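In: Any chance you could fold what I've pasted below:
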Amino acid sequence: MEDRLVTLAIYTFEKAQILKTILENEGIKVYIHNVNLIQPVISSGVRVRIKESDLPKALRIIESSHWLKEDMESEKELPKEKFILVPVDFSDYSKKACYFAFNYAEFLKAKVVLLHTFFTPLSAAAIPFGDSITPYQVEDENLFVHINEKAKKEMQDLVKHLKEKIASQELPDVSFSTFIEEGVPEEEIIRYTKMENPELIIMGTRGKDQKDVDLIGSVTAEVIEMSRVPVFAIPENTPFSSIKDVKKIAFATNFDQKDLMMFDTLIKVIHNFDYEILFVHVSPKEDAWNEIRLAGIKEYFKKQYPALNASYHVIDSADTLIALDNFIKKEHVEILALSNHKRNIFARLFNPSIARRMLFHSDTPLLVLKG
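Out: You can find the predicted model right below:
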């Protein structure tokens, strides 16, 4: 079984070196990541990474060390702000996601975190190497510096652009911060999500004209598959930039208990707006059980959400994608919400989820809820 690396702590360079020394004196191999190669002494946000199998021993060492325990507990005591995570690649469609996120954050009374992830040969430092193997050469270090500096410049330009939008009152004045990380984009987005627990992830996408090999599209698709947090995928040609302007939301359902639970999550994400929910079920053939389950769902929502403005639709079709697309156009649906249940890697490779297929098939914003 692969003994993957996990991040034990994120410190300044000085503290990371102290922790590295303590752990390696106890026989635990430590990998330092995200060091400023030009001026390592002033690095901040340095990751201390160890093998997952060494984690219990490392935690016991930290528990027995007064300095380490006190330092890590002080970090844990910092209050967590409610925030929306927006992965960006500085494209026009990720800017569109930023606009949507800022308007949504105003409603949530939350802040926005803009996350940019870049991949370089130094990302191979995340893989354990033997002492006799050098994972990267000097030219790779120069490449890292170049890409890192380019990412910082582009993030500064994006921040300037957003502040101009705020100053002109095109965007609400919500608090926001930026974070730049090296690594595989979808993995770093999911790792950040697990560590910081955002309310929502909002990602830009090109819409139905994109190909699955497009970087931002493929990253969004992978995040949709792996995230335990709701994901909003916003195509670049979405006509609105605020959820307050939405009037119709379709919720694709299989009439099962998991979907009922997911609808509760949906209500938490989009509540307090004047919208109509259109429940839609696509089935390849007429099924008497559909009508029975539909009657049960109607009764359930009538009791649970008496003020809900809802309609119910059953579509007989063997092609779910085309049926949903036609339904969206016919009913002028502005957002399609659907659940995406956890599946193993083989299922994801050989039988892509409806959420993933709709991402590359439709120009309608998707709100994906993980069951």
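In: In the strand or helix carrying Tyr312, which residues are buried?
Out: According to DSSP states H and E, Tyr312 maps onto strand 310-316. Buried residues in strand 310-316, counting neighbours by 16 or more other Cβ atoms under 10 Å, are found at Val314. (Each C-beta comes from the backbone N, C-alpha and C, glycine too.)
In: So which elements touch that strand?
Out: Helices and strands touching strand 310-316, by 3 or more Cβ pairs under 8 Å, 6 or more residues apart in numbering; DSSP states H and E, are strand 276-283, helix 288-304, helix 320-331.
In: Can you say which of those is nearest to Ile224?
Out: Ile224 sits nearest to helix 320-331 of all the helices and strands packed on strand 310-316, at 15.4 Å, using Cβ to Cβ.
In: And that closest one, what does it pack against?
Out: Under the contact definition 3+ Cβ pairs under 8 Å, 6+ apart, helix 320-331 sits against strand 248-252, strand 276-283, strand 310-316, helix 354-361.
In: nearest to His332, of these?
Out: Nearest to His332 among the helices and strands packed on helix 320-331 is strand 248-252; the distance by Cβ to Cβ comes to 6.1 Å.
In: Direction included, what does that closest one pair against?
Out: Next to strand 248-252 in the sheet, as set by DSSP bridges, lie strand 276-283 (parallel), strand 335-339 (parallel).
In: got the angle for the longest one vs helix 320-331?
Out: For strand 276-283 and helix 320-331, the angle between their directions (axes from the mean of the first three to the mean of the last three Cα atoms, to 10 degrees) works out to 150 degrees.
In: Would you pull up how far strand 276-283 lies from the middle of the chain?
Out: Relative to its parent chain, strand 276-283 has a centroid offset of 25 Å by Cα atoms, centre = their mean, to the nearest Å.
In: Show the average pLDDT along that strand.
Out: Average pLDDT, strand 276-283: 89.
In: outside of it, which residues touch it?
Out: With contact meaning Cβ atoms under 8 Å, 6 or more residues apart in numbering, strand 276-283 is reached by 247-255, 290, 294, 297, 308-317, 320, 323-324, 327, 331, 333.
In: and that strand with helix 288-304, angle?
Out: 160 degrees.
In: Quick check: buried residues in strand 276-283?
Out: By neighbour count on 16+ other Cβ under 10 Å, the buried set for strand 276-283 is 277-283.
In: Report pLDDT for Ile87.
Out: Rather than Ile, residue 87 is Pro. Pro87 carries a pLDDT value of 95.
In: Check Phe346 too.
Out: In this model, Phe346 is scored at 41, pLDDT.
In: With the one 10 residues further on instead?
Out: The score at Arg356 is 73. That number is its pLDDT.
In: how about the nearest residue to it, chain neighbours excluded?
Out: In space, and not counting its chain neighbours, Arg356 is closest to Ala221: 4.9 Å by Cβ to Cβ, 6 or more residues apart in numbering.
In: now Asp259
Out: Thr253 (4.5 Å).
In: could you list every residue that touches the one you found?
Out: Per Cβ under 8 Å, 6+ apart, neighbours of Thr253: 259, 263, 279-281, 297.
In: so how far is Arg191 from it?
Out: Thr253 sits 31 Å away from Arg191, going by Cβ to Cβ, to the nearest Å.
In: ditto for His116
Out: Counting by Cβ to Cβ, the gap from His116 to Arg191 is 14 Å.
In: about what we covered before: how far off centre is the helix or strand harbouring the residue nearest to Arg356?
Out: Assessed by DSSP H and E, Ala221 sits inside helix 215-226. With Cα atoms, centre = their mean as the basis, helix 215-226 stands 9 Å off its chain's centre.
In: Show me what secondary structure element comes after that helix.
Out: Following helix 215-226 in sequence, per DSSP H and E, is strand 231-235.
In: how would you label the residue nearest to the spatial centre of the chain: helix, strand or coil?
Out: The chain has Ile201 as the residue nearest its centroid, 4.4 Å off, counting by Cα atoms, centre = their mean. Secondary structure for Ile201, judged by DSSP: H, G, I helix; E, B strand; the rest coil, is strand.
In: That one and Lys285, how far apart?
Out: 36 Å.
In: returning to that earlier point: what pairs with the strand holding Tyr312, parallel or antiparallel?
Out: Strand 310-316 has these strand partners (DSSP bridges): strand 276-283 (parallel).
In: Could you point out the longest helix of this protein?
Out: In the chain, assigned by DSSP state H, the helix with the most residues is helix 138-167.
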